[in-house]
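Chemist: Give me a model of this one.
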Amino acid sequence: MTRLAAGVILLLLSVAGIVSAGRDATGDVLRLPSETSRFFHRSDDDEVEGTRWAVLIAGSNGYWNYRHQADVCHAYQLLRKGGLKEENIIVFMYDDIASNEENPRPGIIINSPHGDDVYKGVPKDYAGEDVTVNNFLAAILGNKSALTGGSGKVVDSGPDDHIFVYYTDHGGPGVLGMPTFPYLYADDLIDVLKKKHASGTYKSLVFYLEACESGSIFEGLLPEGLNIYATTASNAEESSWGTYCPGEYPSPPPEYETCLGDLYSVAWMEDSDIHNLRTETLHQQYELVKRRTNNGNSAYGSHVMQYGDIGLSKDNLFAYLGTNPANDNFTYVDENSLQPSTKAVNQRDADLVHFWDKYRKAPDGSVRKVEAQKQFVEAMSHRMHIDHSMKLIGKLLFGIERGPEILNTVRPSGQPLVDDWKCLKKMVRTFETHCGSLAQYGMKHMRSLANVCNAGIQTKQMAEASAQACVSIPSGHWSSLQKGFSA
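Modeler: Purely as a prediction, here's the structure:
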């Protein structure tokens with residue numbers, strides 16, 4: 001036990017390297033009389049034809065994922081201040097944060113260190129076990145008959161309407177997480193967007209996506225001509241980043257032990273909070289968010305991408321987000337944008353940051369300290385199990401030398417992750433049957449499973465290799481299949 005305890009302490013201390021300080025947000029705002037600012041953009045932007053609709057979804061649960069629900073609540077407040085009606089905003093969130101015993105401010109959620117409560121007044125149209133892939137896709141399509149649970153609210157849009165979709169969560173190549181199972185796969189999302197376009201029930205649709213490898217959701221899959229413009233927090237090969245985390249500057253208030261936001265999400269929302277959105281285009285915001293999220297090509301940032309009908313980026317944000325009348329005199333110019341942060345936390349390590357901070361602050365010998373240590377060890381055991389199992393499966397299928405090379409192959413830009421999505425989902429279920437749930441961390445290995453399909457491996461071969469690689473499964477909840485398969 002002494003050796004185990006020492007090993008745990010070393011693991012805990014290693015996480016301290018993940019969190020570090022440094023953030024600066026400055027910049028004066030150019031003030032112009034509202035009458036003058038309106039002179040500088042098209043008069044047809046004063047009123048938008050049709051109705052604005054929005055779908056907001058946080059695809060996670062658990063207090064260590066605080067930031068995703070904080071992002072969605074912030075987005076809701078932003079849209080309401082912009083003039084969107086509650087009946088036209090559909091919110092998906094598990095709703096286990098505000099009243100969580102870990103939350104130091106019960107009933108309150110914040111999205112920045114000095115931010116106001118963003119939780120108050122947010123409707124939970126789909127909460128808890130109703131936050132599902134089926135309900136999310138049905139809501140976009142306006143298909144009430146396909147819903148199971150929830151408020152029944154859907155995007156009941158018409159041909160002149162504008163739709164904004166914002167999704168924030170963990171992800172992996174070709175997949176987006178959910179607090180329920182199965183997860184959302186790129187081919188299913190793209191199919192629904194194509195169906196929505198074919199129904200003729202919107203004029204244009206904008207999709208903002210926060211997740212690791214989020215570019216892979218649209219790369220080689222979202223065609224032009226659907227009147228859809230999408231931006232993603234990262235390209236198809238890299239992680240996205242949490243922000244306002246313990247150990248950063250500015251850090252959360254000392255009583256918080258979790259990241260408050262996500263870097264890409266905070267970038268677009270904090271920009272939208274302070275500007276007259278009649279004067280700022282989607283393209284201008286894309287460039288601003290790209291700079292802030294890329295972080296000067298440092299090790300603490302990602303490459304924001306854009307997909308679909310890029311021409312739509314000439315539209316003003318007002319057409320989708322509305323605008324807060326209090327910002328009428330705050331015209332967007334490049335020089336008044338918020339500055340990049342200097343440090344952030346990899347999305348996949350944010351849970352470890354939470355467990356480490358919880359452990360660090362808990363009194364010695366306390367139940368809380370023991371619990372934090374147990375949570376950390378379980379998370380690390382799951383990670384090591386998934387990583388080791390996937391590597392071993394690759395070697396069993398392709399040989400010791402070729403295995404790692406094939407599993408890590410990245411297809412050329414413009415190509416989708418996999419040719420046969422049904423095969424990918426079969427491989428996920430096969431792996432999980434023998435090796436346990438991938439969970440939020442294991443989504444990083446989705447490219448490996450896609451490459452197994454791309455190499456022509458059959459399900460029977462994958463099953464044999466998985467059974468040989470995984471003689472046991474960790475007993476913690478991360479690996480449990482009790483709630484179902486990821487695909």
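Chemist: where does the stretch 251-400 of the chain have low pLDDT?
Modeler: Applying pLDDT under 70 to the stretch 251-400 of the chain flags the ranges 297-298, 334-342.
Chemist: Now do the helices in it.
Modeler: Under the criterion DSSP state H, counting those that start in this stretch, the stretch 251-400 of the chain carries helices at the ranges 263-274, 282-294, 318-321, 350-361, 367-398.
Chemist: Columns distance to residue 141 and mean neighbour count on top of these, output as CSV?
Modeler: Bear in mind the C-beta positions are built from the backbone N, C-alpha and C, glycine included. CSV is the format used below for the helices of the stretch 251-400 of the chain (distance: least, Cβ to Cβ, whole Å; neighbours: other Cβ atoms under 10 Å):
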stretch, distance to residue 141, mean neighbour count
helix 263-274, 25, 24
helix 282-294, 24, 21
helix 318-321, 19, 25
helix 350-361, 32, 23
helix 367-398, 34, 18
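Chemist: Nearest to residue 133 among these would be which one?
Modeler: helix 263-274 (20.8 Å; Cβ to Cβ).
Chemist: other SSEs contacting that closest one?
Modeler: helix 66-81, strand 204-210, strand 241-243, helix 282-294 (3 or more Cβ pairs under 8 Å, 6 or more residues apart in numbering; DSSP states H and E).
Chemist: For the stretch 51-200 of the chain, just list every one of the helices.
Modeler: Using DSSP H, counting those that start in this stretch, the helices found in the stretch 51-200 of the chain span residues 66-81, 133-141, 186-198.
Chemist: how many other residues sit next to the residue nearest to residue 409 when sequence neighbours are not counted?
Modeler: Spatially, and ignoring its direct neighbours in sequence, residue 409 is nearest to residue 451 (5.3 Å; Cβ to Cβ, 6 or more residues apart in numbering). Neighbour count of residue 451, defined by other Cβ atoms under 10 Å: 24.
Chemist: Check the one 3 residues further on too.
Modeler: Residues lying near residue 454 (other Cβ under 10 Å) number 18.
Chemist: now do residue 406
Modeler: Residue 406 has 17 neighbouring residues, counting by other Cβ under 10 Å.
Chemist: From residue 226, how far off is it?
Modeler: Distance, residue 406 to residue 226, by Cβ to Cβ, to the nearest Å: 34 Å.
Chemist: Next: residue 409.
Modeler: Shown here: residue 409 relative to residue 226, a distance of 29 Å by Cβ to Cβ.
Chemist: These two: which is more packed in?
Modeler: More crowded of residue 409 and residue 226, by other Cβ under 10 Å: residue 226, with 18 against 13.
Chemist: Go ahead and confirm that one touches residue 307.
Modeler: No - counting by Cβ atoms under 8 Å, residue 226 does not reach residue 307; the two are 10.6 Å apart.
Chemist: check contacts around residue 114.
Modeler: residue 250 (Cβ atoms under 8 Å, 6 or more residues apart in numbering).
Chemist: now do residue 321
Modeler: 52, 78, 79, 82, 84, 164, 272, 277.
Chemist: tell me the contacts of the second one?
Modeler: Spelled out, that is residue 78. 269, 272, 273, 321, 324.
Chemist: Name the nearest residue to the first one, sequence neighbours excluded.
Modeler: What that stands for is residue 269. Closest residue to residue 269 apart from its sequence neighbours, by Cβ to Cβ, 6+ apart: residue 74 at 5.3 Å.
Chemist: where's that neighbour relative to residue 392, distance?
Modeler: On the measure of Cβ to Cβ, residue 74 and residue 392 end up 42 Å apart.
Chemist: re earlier: how deep is the residue nearest to residue 269 tucked in, by neighbour count?
Modeler: As a burial measure, residue 74 scores 29 neighbours (other Cβ under 10 Å).
Chemist: Check the contact between it and residue 267; I expect there is one.
Modeler: No - Residue 74 sits out of contact with residue 267 when judged by Cβ under 8 Å, with a separation of 11.9 Å.
Chemist: quick one on the thing from earlier: need the helices and strands packed on helix 263-274 in a markdown table (columns: distance to residue 107).
Modeler: Formatted as a markdown table, the helices and strands packed on helix 263-274 follow (distance: least, Cβ to Cβ, whole Å):
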| stretch | distance to residue 107 |
| --- | --- |
| helix 66-81 | 12 |
| strand 204-210 | 25 |
| strand 241-243 | 23 |
| helix 282-294 | 31 |
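Chemist: So which of the ones you listed is nearest residue 150?
Modeler: It is, among the helices and strands packed on helix 263-274 and with distance given as Cβ to Cβ, helix 66-81, at 15.1 Å.
Chemist: okay, the closest one in CSV with CA atoms only?
Modeler: Taking Å, rounded to 0.1, in the frame of the first residue of the first chain, the C-alpha atoms of helix 66-81 are listed here in CSV:
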residue,chain,number,x,y,z
TYR,A,66,-19.0,22.0,-15.3
ARG,A,67,-17.8,24.1,-18.2
HIS,A,68,-20.1,22.6,-20.8
GLN,A,69,-23.3,23.4,-19.1
ALA,A,70,-21.9,26.8,-18.1
ASP,A,71,-21.2,27.4,-21.8
VAL,A,72,-24.7,26.6,-22.8
CYS,A,73,-26.3,28.7,-20.0
HIS,A,74,-24.1,31.6,-21.1
ALA,A,75,-25.2,31.1,-24.7
TYR,A,76,-28.9,31.1,-23.7
GLN,A,77,-28.5,34.4,-21.8
LEU,A,78,-26.7,35.9,-24.8
LEU,A,79,-29.5,35.0,-27.2
ARG,A,80,-32.2,36.2,-24.9
LYS,A,81,-30.5,39.6,-24.5
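Chemist: average model confidence for that helix?
Modeler: Mean pLDDT, helix 66-81: 98.
Chemist: got it, and stretch 234-247?
Modeler: pLDDT averaged over stretch 234-247 gives 95.
Chemist: Likewise for stretch 420-434?
Modeler: For stretch 420-434, mean pLDDT is 98.
Chemist: Now that stretch: buried residues?
Modeler: Neighbour counts over stretch 420-434 (16 or more other Cβ atoms under 10 Å) mark 421, 423, 424, 425, 426, 427, 428, 429, 430, 431, 432, 434 as buried.
Chemist: packing partners for the strand or helix carrying the second one?
Modeler: Residue 423 is part of helix 421-435, with elements assigned from DSSP states H and E. Packed against helix 421-435 by the contact rule (3+ Cβ pairs under 8 Å, 6+ apart) you find strand 184-185, helix 367-398, helix 446-454, helix 459-469.
Chemist: thinking again about what came up before, what's the most buried one of the helices of the stretch 51-200 of the chain?
Modeler: helix 66-81 (a mean of 26; mean count of other Cβ atoms under 10 Å).
Chemist: and that one with helix 350-361, angle?
Modeler: Going by axes from the mean of the first three to the mean of the last three Cα atoms, to 10 degrees, helix 66-81 is angled at 110 degrees with respect to helix 350-361.
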